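**Student:** Generate coordinates for the sequence data below:
(one chain, ligands or ions: 1)
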Amino acid sequence: MYRSHNCGELRASHINTEVTLSGWVQKSRDKGFIVWVDLRDRYGITQLVFDEERTSKSMMEQAQQLGREFVVQVKGIVIERASKNPNMPTGDIELLVSELTVLNEAITPPFTIEDDTDGGEELRMKYRYLDIRRNPVKDNLIFRAKVTQEVRNYLSKNDFIEVETPYLIKSTPEGARDFVVPSRMNEGQFYALPQSPQTFKQLLMVGGMDKYFQIVKCFRDEDLRADRQPEFTQIDCEMAFIEQEDILNVFEGLTRHLLKEVNGVEIDKFPRIQYDDAMRLYGNDKPDIRFGMEFGELNAVAQHKEFNVFNSAELVVGIAVPGGNKYTRKEIDKLIDWVKRPQVGAQGMVYSRCNDDGSFKSSVDKFYDQDDLAKWAEVTGAKAGDLVCVLSGDASKVRAQLSALRMELAERLGLRDPKVFAPLWVMDFPLLELDEETGHYHAMHHPFTSPKPGQLELLDSNPGAVKANAYDLVLNGNEIGGGSIRIHDKATQAIMFKHLGFTEEEAKAQFGFLMDAFEYGAPPHGGLAFGLDRLVAILGGQETIRDFIAFPKNNSGRDVMIDAPAPIDDEQLTELSLKLNLKS
Ligand code: ASP
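**Tutor:** Next comes the predicted model:
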């Protein structure tokens, strides 16, 4: 028996008990006549004591030689500590060791195994198994396990069946590039790793499974913008014989269950907002509604003067920054530089100070009088003491720019409190999205999303205006889930494929199996998927998903610990009938 108790367990009530513990040496203090060792395992730290009076000379020497991260087993008697440590759960006691076995020695770790470590990100990732010994990482993984457990509890209680779907499949179009796997047995042919189990879960509905879920890895070969992973986990769900309202209720229920069980937070019914309104009011389809600062569109009150920058703009739009009038001229100039950075891309920024006496002072006083500026304040909801920031230009660009500014200012103002949870549904997404480069429309969600009833005809005349039965769940400015009601008849699906630019043959070659299935009695169905990594990070009050993944990849898609991806040898290439044609 390696241990009778764990290292976080012993209390004053255990005094005089004989126990056995196993763990890692966190640190030791050697005073010559007495040696203290902190022994650590997943559950906590227990102080061990060896002293000249009560410990044999040989064991005393052994104790003095224990290095950091040695793996040891000790047997001894729990005794009361002379000086108690109220900051440690085990701080009332220590273990007077009578037997010490070194189970394994350790070389000095490349960084300190402490909550605040001296190890940089790259180093910690290379030795992730040591990083996982640190409380912040360990606690995040345990937290993640609790979330997934609660997901399973809720969904199982609601009659969902967990079904596994294959990883070696063929392309599913979620809008990213596929990772492909060569098939040895089928020369020259490739599997694609699923970007999601989308088509399989729909086929499970045709198969009568009715309520499906899976906590599943998905693979997308995208350029990794900050905080994305090439493989990530979804809570993937699908239901049959449902309407959109049913889906919203079930998964709002799941989110509410998680907030309650994991965070102890009770939230009422989630607000809902139309996609168009989200874009209009927040410039963003995943608005952070923990704070206001809603957009005010100023065309009507700003395009009647000689100021050509505004007159020539498609959209003039502003936000009120609470308390922003206290910014110095220099601070505002810095803000203007901030919106002009290439990452944001605004041409400039106009502002109007709302003074305490009710007057205004703007950067365009030459063109706008006090009455005009009063209207700007009214439209943006600015009060005395605030600052109105105004951007103008092409509507979609300027909305994105002002959204970036809104988030940045909220961050600086401390309005994005990670302990506050503000979920909402964004509803009625457009069905199609125009690809500016190619001039073609592609599915905003995926090709299986159904248009709103009665809008199919619009597909020919005004494709961009067609709305979908598609919804996203947003939490604190992050999309944590998204889904749709699906097309479940072959004719509509064929129309969709046609509009997405597939020829009949292409559609058949890629999705013939789904079209076939729709001929055998497909029930009405729909679903959604949550991004588990991000959901866990947000519930954990943090933003970086890497911190909640045991073995994450870096920004170049590398696992620096196992050093993957890596070349394969010629023999393996030959076996796969592959020849490399490297660019460099
Ligand atoms: N498969 C979709 C996705 O990964 C989710 C869904 O439509 O259920 O975004």
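**Student:** For stretch 551-571, what is the distance to the chain centroid?
**Tutor:** Centroid displacement of stretch 551-571 relative to its chain, using C-alpha atoms, centre = their mean, to the nearest Å, is 23 Å.
**Student:** Specify the local secondary structure of residue 53.
**Tutor:** The three-state label for residue 53, taken from DSSP: H, G, I helix; E, B strand; the rest coil, comes out as coil.
**Student:** which residues in the stretch 1-150 of the chain form strands?
**Tutor:** 18-30, 34-41, 44-51, 71-80, 93-104 (DSSP state E, counting those that start in this stretch).
**Student:** Same check on the stretch 351-500 of the chain?
**Tutor:** Taking DSSP E, counting those that start in this stretch as the criterion, the stretch 351-500 of the chain carries its strands at 360-362, 387-393, 423-427, 432-434, 441-443, 470-475, 478-485.
**Student:** could I get the ones you listed as CSV with mean neighbour count, distance to residue 491 and mean pLDDT?
**Tutor:** No exception for glycine: its C-beta is placed from N, CA and C like everyone else's. Listed next are these as CSV, based on neighbours: other C-beta atoms under 10 Å; distance: least, C-beta to C-beta, whole Å; pLDDT from 0 to 100:
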stretch, mean neighbour count, distance to residue 491, mean pLDDT
strand 360-362, 18, 57, 98
strand 387-393, 26, 42, 98
strand 423-427, 20, 26, 98
strand 432-434, 18, 18, 92
strand 441-443, 19, 17, 91
strand 470-475, 25, 20, 98
strand 478-485, 22, 16, 97
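**Student:** can you list those strands in CSV and add distance to residue 551?
**Tutor:** Output for the strands of the stretch 351-500 of the chain, formatted as CSV (distance: least, C-beta to C-beta, whole Å):
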stretch, distance to residue 551
strand 360-362, 53
strand 387-393, 42
strand 423-427, 29
strand 432-434, 34
strand 441-443, 32
strand 470-475, 25
strand 478-485, 22
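**Student:** closest one to the ligand among the ones you listed?
**Tutor:** Nearest of these to the ligand, taken as C-beta to the nearest ligand atom: strand 478-485 at 3.8 Å.
**Student:** Does that closest one reach the ligand?
**Tutor:** Yes: using C-beta under 6 Å from any ligand atom, strand 478-485 reaches the ligand at 482, 483, 484.
**Student:** out of everything not next to it in sequence, what's closest to the first one?
**Tutor:** Pointing back at residue 482 there. residue 472 (4.2 Å; C-beta to C-beta, 6 or more residues apart in numbering).
**Student:** Going by neighbour count, list what's buried in the lengthiest helix in the chain.
**Tutor:** Secondary structure of the chain per DSSP state H: the longest helix is helix 135-157. By neighbour count on 16 or more other C-beta atoms under 10 Å, the buried set for helix 135-157 is 137, 140, 141, 143, 144, 146, 147, 150, 151, 154, 155.
**Student:** Point out the other helices and strands that it packs with.
**Tutor:** Contacts defined by 3 or more C-beta pairs under 8 Å, 6 or more residues apart in numbering; DSSP states H and E place helix 135-157 against strand 161-162, strand 211-219, helix 244-263, helix 532-539.
**Student:** Residue 201 should be in a strand, yeah?
**Tutor:** No: read with three-state DSSP, residue 201 is helix and lies in no strand.
**Student:** Show me the beta-bridge partners of the closest residue in space to it that isn't next to it in sequence.
**Tutor:** Among residues not flanking residue 201 along the chain, residue 238 sits closest, at 4.0 Å (C-beta to C-beta, 6+ apart). Beta-bridge partners for residue 238, by DSSP bridges, are residue 212, residue 527.
**Student:** check contacts around residue 349.
**Tutor:** 335, 336, 339, 340, 389, 390, 391, 405 (C-beta atoms under 8 Å, 6 or more residues apart in numbering).
**Student:** from what I can see residue 171 touches residue 178, true?
**Tutor:** Yes: look at residue 171 against residue 178 with C-beta atoms under 8 Å: they come within range, at 5.1 Å.
**Student:** Find residues that contact each of those two.
**Tutor:** With C-beta under 8 Å, 6+ apart as the test, residue 171 and residue 178 both reach 192, 195.
**Student:** Please say which of those two ends up with more neighbours.
**Tutor:** Legend: neighbour count by other C-beta atoms under 10 Å for residue 171 and residue 178, higher for residue 178 (20 against 17).
**Student:** Report pLDDT for that one.
**Tutor:** pLDDT recorded at residue 178 is 95.
**Student:** same question, the one 4 residues further on
**Tutor:** The predicted local confidence for residue 182 comes out at a pLDDT of 97.
**Student:** Show me which residues of the stretch 451-584 of the chain sit near the ligand.
**Tutor:** 482, 483, 484, 527, 528, 529.
**Student:** okay, now the last one: neighbour count?
**Tutor:** When you say that, I think you mean residue 529. Residue 529: 25 neighbours (other C-beta under 10 Å).
**Student:** Where does it sit, in terms of helix or strand?
**Tutor:** Under the criterion of DSSP states H and E, residue 529 resides in strand 525-531.
**Student:** now that strand and helix 135-157, what's the angle there?
**Tutor:** Calculated by axes from the mean of the first three to the mean of the last three C-alpha atoms, to 10 degrees, strand 525-531 forms an angle of 170 degrees with helix 135-157.
**Student:** For strand 525-531, list every residue counted as buried.
**Tutor:** Buried residues in strand 525-531 (16+ other C-beta under 10 Å): 525, 526, 527, 528, 529, 530, 531.
**Student:** With stretch 542-551 instead?
**Tutor:** Buried residues in stretch 542-551 (16+ other C-beta under 10 Å): 543, 545, 546, 547, 548, 549.
**Student:** In terms of model confidence, name the weakest of those.
**Tutor:** residue 543 (84).
**Student:** In this structure it contacts residue 537, no?
**Tutor:** Yes: Residue 543 is in contact with residue 537 according to C-beta under 8 Å; the separation is 6.2 Å.
**Student:** Would you reformat the buried residues of stretch 542-551 as JSON lines and include secondary structure and distance to residue 259?
**Tutor:** Formatted as JSON lines, these follow (DSSP: H, G, I helix; E, B strand; the rest coil; distance: C-beta to C-beta, whole Å):
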{"residue": "543", "secondary structure": "coil", "distance to residue 259": "17"}
{"residue": "545", "secondary structure": "helix", "distance to residue 259": "19"}
{"residue": "546", "secondary structure": "helix", "distance to residue 259": "23"}
{"residue": "547", "secondary structure": "helix", "distance to residue 259": "20"}
{"residue": "548", "secondary structure": "helix", "distance to residue 259": "17"}
{"residue": "549", "secondary structure": "coil", "distance to residue 259": "22"}
